[in-house]
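Engineer: All I have is the shape, not the residue letters:
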């Protein structure tokens, strides 16, 4: 077990095929859509992956997708059936709109929201380049740059649902439009239980203590994404807070790390990747720590302490909205806005590993525009935006099943989570489908909450927290 200053990390002792073993069958594409760069039959090296959580893995949900960004809860006391009148401990109205997920530490739940203010006639968004590089691109669903917004951070009592404090981090005009389905409060908070970090992209980065006192705030500069709005969330690494700030067609894209106690810049690294909404991930191997950043043009691993590039591989081609997951000595990246792509890349490489055995396998079906995949045990699960589930053997890429359906037509923005041997898929209609984990698809329950849901669920201290369109719900066993 590795211990950081911020707490405990999750340790996965995992076996990874040795990428130096000669490959067989390179370039084969199966009917199921898998392309394997090689088949490994000889030596295996044990790789330990430690995904930084910054908290006791059993108690807290400190960032986007919980401990280490994995989406896997180590909590077994929660109910797996509920309705608007059953197992709802409390619900609290949240003003405005936000797709940021709840984060939980101790008896506090933290989230952000955006409240639309007065109209600003004549205010226009920046001129955006199209995919051809020519200026003038306007997405038909872009909206709201001509309104002021108040961007708020809230702390809620986890036991009662009472709003303990709310702070307005920013109140004014916005730099750019947002997609009509997106919000200006879509980046999820990160916390270490002492400090709370809220990121509003161009509107700034803010640090509060758990009692709501502003400790510092800073600007990372303008971040423009074709009028689609924000999405990527901050992650904690030791003394640093790290943010992936890709924008437009790559000009101005960068990774930025600030000292999380002072807000002062620690390092900044330029990137050539176009706009993205994925959150990066910290992965530990026995010999080093890697910061993995997904991208359309490339997937890149950095040294999180310095920003130095360690290795890179070919990118996901489509919009990098889903965040990576890691395990079994590999990182798994996906995208699905245009091309459907899922890659398994072995960590620990050097230089360009694109056409090497470090790319363990590829799969070209079943990925989502928005929801992230989930790795649970041996299996990697991909979910489309319509809730079709694919189960792959994470180590080999072998298909276990494809096209697993939920019982009713649905659309999904929230990413799946896992609790015990169950997967929870929450639709925009507010229905959470409980699916049995494993190599056979089976829907065990459908749990409605009674209002739309776009944010991913959080799990901590015997409670599932669901951020609906208008309320935050606490799902807990009835006494």
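Structural biologist: Cool, the structure landed. This one's a predicted model, so the numbers in the text were calculated from it and none came from an experiment.
Engineer: remind me which residues of the chain are low pLDDT?
Structural biologist: Residue ranges of the chain with pLDDT under 70: 1-58.
Engineer: so who does the most centrally placed residue in it touch?
Structural biologist: By CA atoms, centre = their mean, the chain has its centre lying nearest to residue 323, at 4.5 Å. Going by CB atoms under 8 Å, 6 or more residues apart in numbering, residue 323 touches 64-65, 69, 278-281, 294, 372, 415. In this view, the C-beta of every residue, glycine as well, is placed from N, C-alpha and C.
Engineer: Then residue 447?
Structural biologist: Neighbours of residue 447 in contact, by CB under 8 Å, 6+ apart: 80-83, 431-434.
Engineer: I'd like these as JSON lines, with neighbour count appended.
Structural biologist: Shown next, in JSON lines, are the contacts of residue 447 (neighbours: other CB atoms under 10 Å):
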{"residue": "80", "neighbour count": "16"}
{"residue": "81", "neighbour count": "13"}
{"residue": "82", "neighbour count": "23"}
{"residue": "83", "neighbour count": "13"}
{"residue": "431", "neighbour count": "19"}
{"residue": "432", "neighbour count": "24"}
{"residue": "433", "neighbour count": "23"}
{"residue": "434", "neighbour count": "17"}
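Engineer: of those, closest to residue 476?
Structural biologist: Nearest to residue 476 among those: residue 82, at 9.1 Å, using CB to CB.
Engineer: quick one: the closest one and residue 343, what's the gap?
Structural biologist: In this structure, residue 82 and residue 343 are 36 Å apart, going by CB to CB, to the nearest Å.
Engineer: just to revisit the earlier point, widest-spaced pair of the contacts of residue 323?
Structural biologist: 280 and 415 (15.2 Å).
Engineer: which residues does the closest residue to residue 449 other than its chain neighbours contact?
Structural biologist: Among residues not flanking residue 449 along the chain, residue 430 sits closest, at 4.3 Å (CB to CB, 6 or more residues apart in numbering). Neighbouring residues of residue 430 by CB under 8 Å, 6+ apart: 448-453, 468.
Engineer: Now the buried members of those residues.
Structural biologist: Buried members of the contacts of residue 430, scored by 16 or more other CB atoms under 10 Å, are 449-450, 453, 468.
Engineer: distance between the ends of stretch 234-250?
Structural biologist: End-to-end distance for stretch 234-250, by CA to CA, to the nearest Å: 20 Å.
Engineer: Report the buried residues of stretch 360-368.
Structural biologist: 360-363, 365-368.
Engineer: Ok, stretch 463-477 next?
Structural biologist: 463-468, 471-476.
Engineer: about what we covered before: from the buried ones among the contacts of residue 430, pick the one nearest residue 215.
Structural biologist: residue 468 (30.2 Å).
Engineer: so what's the backbone phi/psi at the residue nearest to the closest one when sequence neighbours are not counted?
Structural biologist: Distances taken as CB to CB, 6+ apart place residue 451 nearest to residue 468, at 4.2 Å, with adjacent residues excluded. For residue 451, the backbone dihedrals (degrees, to the nearest 10) come out as phi -160, psi 160.
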